[in-house]
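Trainee: My questions concern the predicted model and sequence given below.
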Amino acid sequence: MKKFIRFPVFLASLFIFVYCHRNASEDSSDIIKPKTTGYVNPFMGTIEGNILPGASVPFGMVKLSPDVLPPQPTSGYRPGQPIAGFSHTHTSGTGGGPRYGNIMVFPQVGTPDINDYASVKIANERAFPGYYAVTLRRVPGDVHVELTATQKTGKHKYTFFTWQKEPEIEGSIFIDVAHTVTRAGLNDARCLEAFVEITDDNIIRGWGVFQGGWGTPNPYKIYFAALFDTPFQKSGIWDNDGINEEEHSASVVFDPNKPVKERRMGAYAGFDLKHMQTIELSVGISYLSMNKATENLKEKTNMTFDQVYAQTDQLWEEKLSTIEVEGGLPEHKQVFYSSLRNTFLMPTEVTGEIENWHTQNPHFWDHYCIWDVFRTVMPLHTLIAPHKQREILNSLLDIYDQRGWLPDSWVAGDFSNIQGGTNVDVVFADAVVKGLDGFDVEKALEATRKNAEKESDDPTSYGRYLQDYLNLGYVTSESVNGASSRTLEYAYNDFCIAQIAAEKGKEDLAREYRKRSQEVFQLFHDSAGHFWAKDRQGNWQPDITSDNLRRDHWNDPYFYEATPLAYSSYVPHDMQGLINRHGGNNEYIEYLDRLFDGYSFNLGNEPLFLLPYQYIYAGRHDKTSEHVQDLLRTQYLSATDGLPGQDDSGAISSWFVFSSMGFFPVAGQDLYLIGSPLFKRSVIHLENNNTFQVLANNVSHENIYIKSARLNGENLEQAWFTHTEIAKGGVLELEMTNQPTSWASDNPPPSLSKP
């Protein structure tokens, strides 16, 4: 197992800035309850995980956050590096070529300088959900920056401090219309053209057209309207050649050969500042029009920065307080709520902002991508944010209606890369078997069946590589890289379509897809003990190995982003069938041990999320307890390097959320596997006003094994339960001990095959 060396991080304690609710009771006594948002450290995982530390509301279109000087990670931020400015659109936890970082604002004290504009040093940096602050330090003065946001507006608060004795000094606020996050790669985001205008002594507007970033290079246009609460004394237009105070509007079409770092233009506002002066700036964003950006801006113009932040904080409190946890180490609570916050940053809601989109239903961009989030993030939303998950499902069906296919990735209003199977099939199956209503199940079945039956004209972006799969039961590398891992995913996708069909009473269809889902075992190589690859003639590909054939494993011919040995665990619909092919429980346990002991397991890779829980299928829950606890305690920390990998839109974070409570979803099935909780008590507040509690009696660093369990007062002799048993509310009570036990060894979770 990969280990991470952690350095002591005293900074984490700063984030227990615990706000309090005060509720007067009838006898006028005060009840003080810590606010959940006070436990969140938005800087957790900003190094390894590419987490966004800046300000947004849950699923906000505006994600206002600092950008360091290039080269930048996809989030735009790395702790401790000079800050170039603060832009309004970002992703969190993503990889590949950077995208967004649009409409950047940067303040200065002293003579305006567009070339030497980054902070020399930063100080007083802190963040909470919906809030970010930092002091930018450089001669001849500092600027203390505070940021918050609404759904479509960024709120800036700049307090200027001068180091000189003069009563007044010049201050500037620049807007870079052409800015993007970039690593100077060929596929990075870049501005194609831009426009800006100064329409009053406190209003600047404009737009930019951008292209590039991970996935397909589809262009998008973003508009903004900026309103200052203080009229500026000077203003002008600027680009790489300097500032022109005589001009009040400009447009540019950039030379396609111009480097991204040289594509800069915008407007500036100048102020004659007193020693300490605060200027507030509101920036409305729209993907539809300049007028719509102005309309979005006006929604909060009558509110101060502090009032907007109070509302944003309350939105986060409502989301995060759906789960209460007690016990564990103090840092565990910080990690829990920081992780939970990360699961609400994406996808990005852009409702009412899409040109020629023939519905006003809620709509979402930045599924980055479903391959990452279907296992944990979406099941978590189904559990604690079902209203939002319904909106997301309907948005996916809208895409199917208007574009003909369900997406796996949907970025900036277009299809993007598929990383594995059509895992949106799993998303709909998960919703159906868990009884989530509010969407057209018949249409979902139609759309998922299209994935499984109709050859896509562009299977890199939607649909599947079906020719070999339908003819042979497996995908070959003559069709596409990652052929065998795609086969494993297609097989589970087919099983999930069977789940939807069965819920609609179409048992013949369900039986057909279940049968298809087991064709994958053609690729199980008995002597190797794992899946491998065959050619179109049915011959095994040569040079069988348990490792990837390429160091850039995303281009491996047979297995995408995980080794053959590790990916061979991914048969969640028929774990018993997989165990049978290994020769039985003991042999499968040896296989799992080999993965963990041989450093083939990496929690930063989503296809391996279920691996620690798979000992349950072989009757060794105690080993699940050991590995889950080790991962929870060694791979997560409330620190900048506190995640075990790139967060992938909250996927890595939501693994912690589920596992620390003591259970884990098998997405696409009405099934949760019981692990080993960190917390002595977890309370989930459900949509129907019921609560589901997990109580871990005597849990501690040593007491990680389950001796016995009760579900709603009845003895539970199996390490699994269903969503139905959560939805109606109740209590899962676990008796913990410090010695391995044989609890739940004889009652494995359901599988298609029998022992």
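Mentor: On my side now, so go ahead. Note that this is a predicted model, so its numbers are computed, not measured.

Trainee: and Cys378, which of the three is it?
Mentor: Just to correct that, residue 378 is Met rather than Cys. Classification of Met378 using DSSP: H, G, I helix; E, B strand; the rest coil returns helix.

Trainee: And for it, the neighbour number?
Mentor: Met378 has 28 neighbours, counted by other Cβ atoms under 10 Å. Where C-beta positions appear, they are placed from N, C-alpha and C, glycine not excepted.

Trainee: Could you do Gln541 as well?
Mentor: Using other Cβ under 10 Å: Gln541 sits among 18 other residues.

Trainee: how far away is it from His179?
Mentor: From Gln541 across to His179, the span is 47 Å (Cβ to Cβ, to the nearest Å).

Trainee: do the same with Asn715
Mentor: 61 Å.

Trainee: Just want to know which of these two has more residues nearby.
Mentor: His179 (30 against 8).

Trainee: Might one say that the more buried one is in contact with Pro98?
Mentor: No - judged on Cβ atoms under 8 Å, His179 makes no contact with Pro98 at a distance of 11.6 Å.

Trainee: Can you check which helix is longest in the chain?
Mentor: Using DSSP state H to define each element, the chain has its longest helix at helix 483-503.

Trainee: Could you report the distance from Gly208 to Thr199?
Mentor: Here the criterion is Cβ to Cβ. By it, Gly208 lies 17 Å from Thr199.

Trainee: Looking at the two, which has the bigger crowd around it?
Mentor: Taking other Cβ under 10 Å, Gly208 and Thr199 do not tie; Gly208 has more neighbours (26 against 12).

Trainee: Just to check, the more buried one is in contact with Lys221?
Mentor: Yes - between Gly208 and Lys221 there is a contact at 7.2 Å, judged by Cβ under 8 Å.

Trainee: Span of stretch 627-647 from start to end?
Mentor: Stretch 627-647 has its terminal residues 20 Å apart, counting by Cα to Cα, to the nearest Å.

Trainee: mind listing what's buried in that stretch?
Mentor: 627-633, 635-647 (16 or more other Cβ atoms under 10 Å).

Trainee: So if we follow the domain assignment, how does the chain break up?
Mentor: By the assignment in automatic domain parsing, the chain contains the domains 39-316, 328-351+583-755.

Trainee: For Tyr469, find the nearest of those.
Mentor: domain 328-351+583-755 (18.4 Å; Cβ to Cβ).

Trainee: Hmm, Thr545 and Asp556 touching each other?
Mentor: No - between Asp556 and Thr545 there is no contact under Cβ under 8 Å: 10.7 Å.

Trainee: Specify which residue of those two has the higher count of neighbours.
Mentor: Asp556 (24 against 13).

Trainee: For the residue nearest to Pro750 when sequence neighbours are not counted, give its distance to Lys515.
Mentor: Excluding its sequence neighbours, the residue lying closest to Pro750 (Cβ to Cβ, 6 or more residues apart in numbering) is Leu671, at 7.0 Å. Applying Cβ to Cβ, the value for Leu671 to Lys515 is 21 Å.

Trainee: what about those two, which has more around it?
Mentor: With neighbours defined as other Cβ under 10 Å, Leu671 and Lys515 compare such that Leu671 has more, 18 against 12.

Trainee: What values do phi and psi take at that one?
Mentor: phi -150, psi 130 (degrees, to the nearest 10).

Trainee: what's the distance between it and Phe664?
Mentor: From Leu671 to Phe664 the distance is 10 Å (Cβ to Cβ).

Trainee: Same check on Ala510?
Mentor: 25 Å.

Trainee: And these two? Which one has more around it.
Mentor: Phe664 (26 against 19).

Trainee: I'd say that one and Pro677 touch.
Mentor: No - using Cβ under 8 Å, Phe664 is not in contact with Pro677, being 10.9 Å away.

Trainee: Mutual contacts of these two, please.
Mentor: Shared contacts of Phe664 and Pro677 (Cβ atoms under 8 Å, 6 or more residues apart in numbering): none.

Trainee: tell me, what residue is most central in this protein?
Mentor: Ser649 (1.3 Å; Cα atoms, centre = their mean).

Trainee: thinking it is in contact with Val373, fair?
Mentor: Yes - if you go by Cβ under 8 Å, Ser649 and Val373 touch, sitting 5.3 Å apart.

Trainee: Mind listing the shared neighbours of these two?
Mentor: His367.

Trainee: Asn539 and Arg594: what is the separation?
Mentor: Distance from Asn539 to Arg594, counting by Cβ to Cβ: 27 Å.

Trainee: if you count what's nearby, which of these two comes out ahead?
Mentor: Ranked by neighbour count (other Cβ under 10 Å), Asn539 and Arg594 place Arg594 first, with 15 against 9.

Trainee: Can you tell me the element the more buried one falls in?
Mentor: Element membership of Arg594 [criterion: DSSP states H and E] is helix 585-597.

Trainee: what comes into contact with the following helix or strand past that helix?
Mentor: The helix or strand immediately downstream of helix 585-597 is helix 621-634, counting by DSSP H and E. Around helix 621-634, the neighbours that count as contacts under Cβ under 8 Å, 6+ apart are 1, 3-4, 332, 589, 592-593, 596, 603, 612-616, 644, 656, 659-660, 673-676, 678, 701, 704-706, 719, 740-745.

Trainee: Show me how to select, in PyMOL, the buried members of those.
Mentor: Selection of the buried residues among those in PyMOL, burial being defined by 16+ other Cβ under 10 Å:
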select buried, resi 1+332+589+592+596+603+612+613+614+615+616+644+656+659+660+673+674+675+676+678+704+705+706+719+741+743+744+745
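
Trainee: Out of the contacts of helix 621-634, name the ones that lie in strands.
Mentor: Applying DSSP state E to the contacts of helix 621-634, the entries found in strands are Leu673, Ile674, Tyr705, Ile706.

Trainee: And the pLDDT at the second one?
Mentor: The predicted structure scores Ile674 at 98 on the pLDDT scale.

Trainee: go on, the one 4 residues further on?
Mentor: On pLDDT, Leu678 comes in at 98.

Trainee: just to revisit the earlier point, ok and the helix holding Arg594 relative to helix 621-634, angle-wise?
Mentor: Counting by axes from the mean of the first three to the mean of the last three Cα atoms, to 10 degrees, helix 585-597 lies at 10 degrees to helix 621-634.

Trainee: name the helices or strands packed onto helix 585-597?
Mentor: Counting contacts by 3 or more Cβ pairs under 8 Å, 6 or more residues apart in numbering; DSSP states H and E, helix 585-597 is packed against helix 564-567, helix 575-582, helix 621-634.

Trainee: switch the cut-off to 6 Å
Mentor: The helices and strands touching helix 585-597, judged by 3 or more Cβ pairs under 6 Å, 6 or more residues apart in numbering; DSSP states H and E, are helix 575-582.

Trainee: If you count contacts, what does the helix it packs on end up packed against?
Mentor: The contact analysis (3+ Cβ pairs under 6 Å, 6+ apart) places helix 575-582 against helix 585-597.

Trainee: quick one, the helix it packs on and helix 575-582 angle?
Mentor: Going by the same axes, to 10 degrees, helix 585-597 makes 90 degrees with helix 575-582.

Trainee: Which parts of the stretch 151-300 of the chain are helices?
Mentor: 290-298 (DSSP state H, counting those that start in this stretch).

Trainee: show me what contacts Asn244?
Mentor: Gly236, Ile237 (Cβ atoms under 6 Å, 6 or more residues apart in numbering).

Trainee: and if you look at the one 3 residues further on?
Mentor: Residues touching Glu247, when contacts are defined by Cβ under 6 Å, 6+ apart, comprise Ile237.

Trainee: could you redo the last one with a cut-off of 7 Å?
Mentor: Glu247 sits next to Gly236, Ile237 when contact means Cβ atoms under 7 Å, 6 or more residues apart in numbering.

Trainee: cool, and Trp540?
Mentor: Contact analysis of Trp540 by Cβ under 7 Å, 6+ apart lists His525, Trp532, Lys534.

Trainee: Just the ones in strands from those residues, please.
Mentor: His525.

Trainee: Closest one to Phe160 out of the contacts of Trp540, please.
Mentor: Trp532 (64.4 Å).
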